[in-house]
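Novice: Predicted model follows, preceded by the sequence.
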Amino acid sequence: MSEKPAVDDFVPVIDLSTRTTPGGRRRIADAIGESCRRSGFFTIVGHGVPQDLVDRMHHVTNTYFTLPEQEKDKSASVAGVSGLRRFLGTADTPPGLYEAFAAHATGDLPEERRAALGAYPATWKVANIWPDTPAAFKATWHEYLAAMTTLSEDVMRLFALALDLPEAYFDEKFDRHVSLLLANFYYPQPAVPPAGRIRRESHTDWGTLTILYQEDDLGGLQVLTDTGEWRDLPAVPGSFVVNIGDLMAFWTGGRWASTVHRVVNPEQGNTRSRISIPFFHLPNHDTSIEPIHPPTTGAQEFDRVTVGEWFSHKMRQTFAPELPA
Ligand SMILES: O=C(O)CCC(=O)C(=O)O
Ligand SMILES: [Fe+2]
């Protein structure tokens, strides 16, 4: 990767360790607000998630992805999204250079409670499919989901402070959250992929807040800067990358940025696989998203939309654009 620094004003490193002191909390919220206005991306350290949990999460996830195909097929999703997904592609859309495993915070609820999560097909209504191997997989994912939920709730309170709202403003909008935990496994690249094929196409995230773990020394994640260049986002050891998605941009009337990012292939000669684990913190499915403050003049207009409506629209657009809206 290029030699650009991991630390700059576009994606600052924000230390959360003083967030329990009043002065520290205000300073952190201000720094978060500034980076959300500029890039919508920042790196957090001092977040309090034990490194041991992150290491175990990486270990069980990597063990799962490197199992024989027949073993992984036992936990492949049939219809819907939870479970393993391989992006096999069609003649028009070439196969992805990765596969993914997903589980929802709602995915272990009884069927009737999941069915009540919106009158549309939604991935958070699908049951989680847990692999038996490795044995610690499900327990570790549950533990990590809980840690990410707690951290996200705290970041949302810092968001509220940064937006001059009461600190608990967002709490009730997430008390039945439909968050998604995903692991991306980017295949090893022993041969150079065909021109134009990269590990992950450019996209914005759809939700409110993403907390991403990426392996320390591999690189590949890039963010589009406000001057139109791709900027590498190498991992700072022990950190997570935090970014906001489209719904947070709506909520802030466009004051905060949902920024395009992608994952490029490793340099030639580096054949290693890469794992990233984004946690998409998503509000209750029926939360109505509309600008909290009046939009600034000249800002894009935002229609009111519920979380469920927005996600079904994005799913349809991404995976079945030929179907009528
Ligand atoms: O692999 C990464 O570093 C980023 C993945 C990502 O952007 C996503 O899953 O939305
Ligand atoms: Fe993303």
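Specialist: Right, received. Where do you want to start? Ligands and ions are numbered 1, 2, ... in the order given.

Novice: Report the secondary structure state of the closest residue to ligand 1 within the stretch 1-150 of the chain.
Specialist: Nearest residue of the stretch 1-150 of the chain to ligand 1, counting by C-beta to the nearest ligand atom: Ala100, 7.6 Å away. No exception for glycine: its C-beta is placed from N, CA and C like everyone else's. The local conformation at Ala100, judged by DSSP: H, G, I helix; E, B strand; the rest coil, is strand.

Novice: is it true that it touches Ser82?
Specialist: No: using C-beta atoms under 8 Å, Ala100 makes no contact with Ser82, being 10.8 Å away.

Novice: so where does the closest residue to ligand 1 within the stretch 201-325 of the chain fall, helix or strand?
Specialist: Ranked by C-beta to the nearest ligand atom, the top residue of the stretch 201-325 of the chain for proximity to ligand 1 is Ser276, at 3.1 Å. Assigning secondary structure by DSSP states H and E places Ser276 in strand 274-281.

Novice: From the contact counts, what lies against that strand?
Specialist: With contacts taken as 3 or more C-beta pairs under 8 Å, 6 or more residues apart in numbering; DSSP states H and E, strand 274-281 sits against helix 51-65, helix 137-162, strand 180-186, strand 209-214.

Novice: can you list those in JSON lines and add mean neighbour count, mean pLDDT and distance to ligand 1?
Specialist: As requested, the helices and strands packed on strand 274-281 are exported to JSON lines (neighbours: other C-beta atoms under 10 Å; pLDDT from 0 to 100; distance: least, C-beta to the nearest ligand atom, whole Å):
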{"stretch": "helix 51-65", "mean neighbour count": "16", "mean pLDDT": "98", "distance to ligand 1": "13"}
{"stretch": "helix 137-162", "mean neighbour count": "19", "mean pLDDT": "98", "distance to ligand 1": "14"}
{"stretch": "strand 180-186", "mean neighbour count": "23", "mean pLDDT": "96", "distance to ligand 1": "5"}
{"stretch": "strand 209-214", "mean neighbour count": "24", "mean pLDDT": "98", "distance to ligand 1": "5"}
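
Novice: As JSON lines, those with distance to Gly118 would be great.
Specialist: JSON lines is the format used below for the helices and strands packed on strand 274-281 (distance: least, C-beta to C-beta, whole Å):
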{"stretch": "helix 51-65", "distance to Gly118": "28"}
{"stretch": "helix 137-162", "distance to Gly118": "20"}
{"stretch": "strand 180-186", "distance to Gly118": "14"}
{"stretch": "strand 209-214", "distance to Gly118": "20"}
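
Novice: Tell me which of the ones you listed sits nearest to Pro294.
Specialist: helix 137-162 (17.7 Å; C-beta to C-beta).

Novice: mind showing which ranges of the stretch 1-150 of the chain have poor pLDDT?
Specialist: Applying pLDDT under 70 to the stretch 1-150 of the chain flags the ranges 1-7, 79-81, 89-94.

Novice: quick one: the strands in it?
Specialist: Secondary structure of the stretch 1-150 of the chain (DSSP state E, counting those that start in this stretch): strands at 13-15, 41-45, 83-86, 98-104.

Novice: Same list, those strands, but as CSV with mean neighbour count please.
Specialist: As requested, those are arranged in CSV below (neighbours: other C-beta atoms under 10 Å):
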stretch, mean neighbour count
strand 13-15, 18
strand 41-45, 21
strand 83-86, 19
strand 98-104, 23
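
Novice: one step back: so for Ala100 and Ser82, which residues contact both of them?
Specialist: Shared contacts of Ala100 and Ser82 (C-beta atoms under 8 Å, 6 or more residues apart in numbering): none.

Novice: What parts of this structure come near ligand 1?
Specialist: Neighbours of ligand 1 within the chain, by C-beta under 6 Å from any ligand atom: 182, 184, 200, 205, 212, 214, 221, 261, 263, 276, 278.

Novice: quick one: low-confidence parts of the stretch 151-300 of the chain?
Specialist: 295-300.

Novice: If we use 90, what do you get?
Specialist: 194-197, 216-218, 226, 234-235, 268-269, 293-300 (pLDDT under 90).

Novice: just to revisit the earlier point, tabulate the CA atom coordinates of the strand holding Ser276 in PDB.
Specialist: Output of strand 274-281 as PDB, limited to C-alpha atoms (Å, rounded to 0.1, in the frame of the first residue of the first chain):
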ATOM      1  CA  ARG A 274      -8.100 -10.800   4.500                       C
ATOM      2  CA  ILE A 275     -10.900 -10.800   7.100                       C
ATOM      3  CA  SER A 276     -12.900  -7.700   8.100                       C
ATOM      4  CA  ILE A 277     -15.800  -7.800  10.600                       C
ATOM      5  CA  PRO A 278     -18.200  -4.800  10.300                       C
ATOM      6  CA  PHE A 279     -20.900  -4.500  12.900                       C
ATOM      7  CA  PHE A 280     -23.800  -2.500  11.500                       C
ATOM      8  CA  HIS A 281     -25.700  -0.900  14.300                       C
END
